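Student: What shape does this take:
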Amino acid sequence: MNCIREAEEHLWYYRDMKRSLEHIERKLNKLHWDGKPQELKAVEIDGMPHANRQHDDMINIMYEYKRYLHMKETTELEIKEIDMILDDITKEKGCEHYKDVLKMWYIEKATKYEIALKIGYSERSVYHHKEKAIKKFAIQLFGLSALSA
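Tutor: Next up, the predicted model:
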């Protein structure tokens, strides 16, 4: 397990996870409206069991709704965990800019020059600070197994 690489992937896909929440919300709204009871047109009572197409459709809508709800919850939890770790990193002395470095490097895809300008480091030292920050992030995300990376 390459914890540093996996920690980087969490940050690289952070923005995509945020966007996916918008898509999931739109899908949940559509399923909500698709699952609304429809106007009753006619009822046939003949004593013989028939497949109820509307019933099957409703079950499928409910299953899909539950699946998207689960996706939304797990994505929100992942985003919240990343945000909490980034906030925790900045609380330590000497790590005040780690959150900015990680967000700008991985999430905003800023250049070394832009990062250096914002945090007041030289361009040359940005890469060094990014390496220290991602290692600290990985350790908080994966624990002891990240130390060997």
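Student: elements contacting the host helix or strand of residue 130?
Tutor: Following DSSP states H and E, one finds residue 130 within helix 123-142. With contacts defined as 3 or more C-beta pairs under 8 Å, 6 or more residues apart in numbering; DSSP states H and E, the packing partners of helix 123-142 are helix 3-12, helix 53-90, helix 98-102, helix 112-119. All C-beta spots, glycine's among them, are computed from the backbone N, C-alpha and C.
Student: And those helices: which comes nearest residue 146?
Tutor: Across those, residue 146 has its closest neighbour in helix 3-12 (3.7 Å, C-beta to C-beta).
Student: For the next helix or strand after the closest one, name the packing helices and strands.
Tutor: As assigned by DSSP H and E, the chain's next helix or strand after helix 3-12 is helix 14-34. On a contact count with 3+ C-beta pairs under 8 Å, 6+ apart, helix 14-34 meets helix 53-90.
Student: Export only the CA atoms of stretch 11-25, formatted as PDB.
Tutor: Taking only C-alpha atoms (Å, rounded to 0.1, in the frame of the first residue of the first chain), the coordinates of stretch 11-25 have been written out as PDB:
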ATOM      1  CA  LEU A  11      -6.700  15.400  -2.600                       C
ATOM      2  CA  TRP A  12      -6.600  15.200  -6.500                       C
ATOM      3  CA  TYR A  13     -10.200  14.000  -6.600                       C
ATOM      4  CA  TYR A  14     -11.500  16.300  -3.900                       C
ATOM      5  CA  ARG A  15     -12.900  18.800  -6.400                       C
ATOM      6  CA  ASP A  16     -14.500  16.000  -8.400                       C
ATOM      7  CA  MET A  17     -16.100  14.600  -5.200                       C
ATOM      8  CA  LYS A  18     -17.600  18.000  -4.500                       C
ATOM      9  CA  ARG A  19     -19.000  18.100  -8.100                       C
ATOM     10  CA  SER A  20     -20.400  14.600  -7.800                       C
ATOM     11  CA  LEU A  21     -22.500  15.700  -4.800                       C
ATOM     12  CA  GLU A  22     -24.300  18.100  -7.200                       C
ATOM     13  CA  HIS A  23     -25.000  15.300  -9.700                       C
ATOM     14  CA  ILE A  24     -26.100  13.000  -6.900                       C
ATOM     15  CA  GLU A  25     -28.500  15.600  -5.600                       C
END
